[in-house]
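A.B. asks: fold the following for me, if possible:
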Amino acid sequence: NIQKLGQQSLSKSGGAWLAQVRDEQDKFKCISIGEQQQQDHPLAGPLTEKIKQYQQSNFAGKQGVTTRVAVTSGSGGDELVVHTFAEKMDGPNQISGYWKATWTIGNIKLGAGDMSGRVQLHSCAYEEGNSHLVVDKEFPSTEVVEVSLKKGEKPTFEQGVMKQIMEWEMEILDLLATMNESGTAEHLKSIRRVLPITKTKMKWDVVAQRSVKTLKMTAPQAKSKVNYGS
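C.D. replies: Residues are numbered from 1 along each chain as shown. Predicted structure coming up:
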């Protein structure tokens with residue numbers, strides 16, 4: 001749309017705001033380094049392939065999911081910045097969300113280097129309401145060395161980078177599991193109704209609430225095993 005507007009004669013009078021919009025858009029662009037730059041940096045090519053394989057194994061064949069991978073040059077001479085992005089849009093179920101990660105690798109010497117990162121996650125459920133879950137976590141710089149992810153494979157630095165990415169992303173997944181468990185209970189507790197006679201809120205029992213949840217999950221399985229003909 002911005003490109004179309006730029007071709008119209010009206011863009012002359014609105015050149016200032018259009019330039020501002022383009023500047024803002026450029027800030028969000030993530031363009032992979034070219035083939036020549038990949039050849040100049042020995043890690044860029046192999047690391048890009050590893051990241052693409054990782055994204056493919058996680059999201060291939062999942063409906064409504066789009067992914068993006070880019071490796072760009074960092075501020076330092078040998079610094080690389082890995083950008084990964086995955087987004088899911090599910091209109092029928094009225095949910096959407098994205099997972100955005102930035103990994104910075106630098107100070108690479110003799111199969112070792114420093115790596116830091118940041119993961120931003122945002123999910124939204126908008127069925128009869130609007131519920132958001134937001135995570136923004138930064139990972140401090142840590143040393144990464146050559147490792148082998150598969151038995152019999154030669155240890156490489158890019159595999160060490162992938163191992164660190166998987167460990168940090170697992171921390172995010174564990175955090176989400178904790179938020180889902182505690183957040184659901186706290187939310188339900190906060191919306192308890194006031195009892196009409198005592199004018200107090202109904203007693204909240206986390207153990208009982210979890211028991212009901214377990215029964216709901218197991219009841220269909222138990223029902224399917226009942227022999228109604230006997």
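
A.B. asks: what's the weakest-modelled helix or strand in the chain?
C.D. replies: Taking mean pLDDT, DSSP states H and E as the measure, helix 2-6 is the helix or strand of the chain with the lowest mean score, a mean of 46.

A.B. asks: which residues of this structure fall in helices?
C.D. replies: Ranges of helices in the chain, per DSSP state H, are 2-6, 15-27, 35-40, 44-59, 157-190, 206-224.

A.B. asks: quick one: mean pLDDT over the last one.
C.D. replies: Pointing back at helix 206-224 there. For helix 206-224, mean pLDDT rounds to 58.

A.B. asks: residue ranges in this protein under the pLDDT threshold?
C.D. replies: 1-15, 17-18, 21-40, 76-77, 181-195, 199, 201-230 (pLDDT under 70).

A.B. asks: change it to 50
C.D. replies: Scanning the chain for pLDDT under 50 picks out 1-11, 36, 39, 223, 226, 228, 230.

A.B. asks: for the closest residue in space to W168 that isn't next to it in sequence, grab the count of nearby residues.
C.D. replies: Closest residue to W168 apart from its sequence neighbours, by CB to CB, 6 or more residues apart in numbering: F139 at 5.2 Å. For glycine as for every other residue, the C-beta is placed from the backbone atoms N, C-alpha and C. Residue neighbour count, defined by other CB atoms under 10 Å, stands at 20 for F139.

A.B. asks: and G97, how far from T67?
C.D. replies: Using CB to CB, to the nearest Å, G97 is found at 13 Å from T67.

A.B. asks: ugh, wrong one, T84
C.D. replies: Taking CB to CB, one finds T84 at 8 Å from T67.

A.B. asks: neighbour count for these two, which is higher?
C.D. replies: Neighbours were counted for T84 and for T67 using other CB under 10 Å; T84 has more, 23 against 16.

A.B. asks: pretty sure Y98 sits against A86.
C.D. replies: Yes - between Y98 and A86 there is a contact under CB atoms under 8 Å: 6.7 Å.

A.B. asks: and those two? Which one has more around it.
C.D. replies: Legend: neighbour count by other CB under 10 Å for Y98 and A86, higher for A86 (19 against 15).

A.B. asks: overlap in contacts, G97 and T67.
C.D. replies: Residues touching both G97 and T67 (CB atoms under 8 Å, 6 or more residues apart in numbering) are E87.

A.B. asks: neighbours around Q56, how many?
C.D. replies: For Q56, the neighbour count with other CB under 10 Å is 12.
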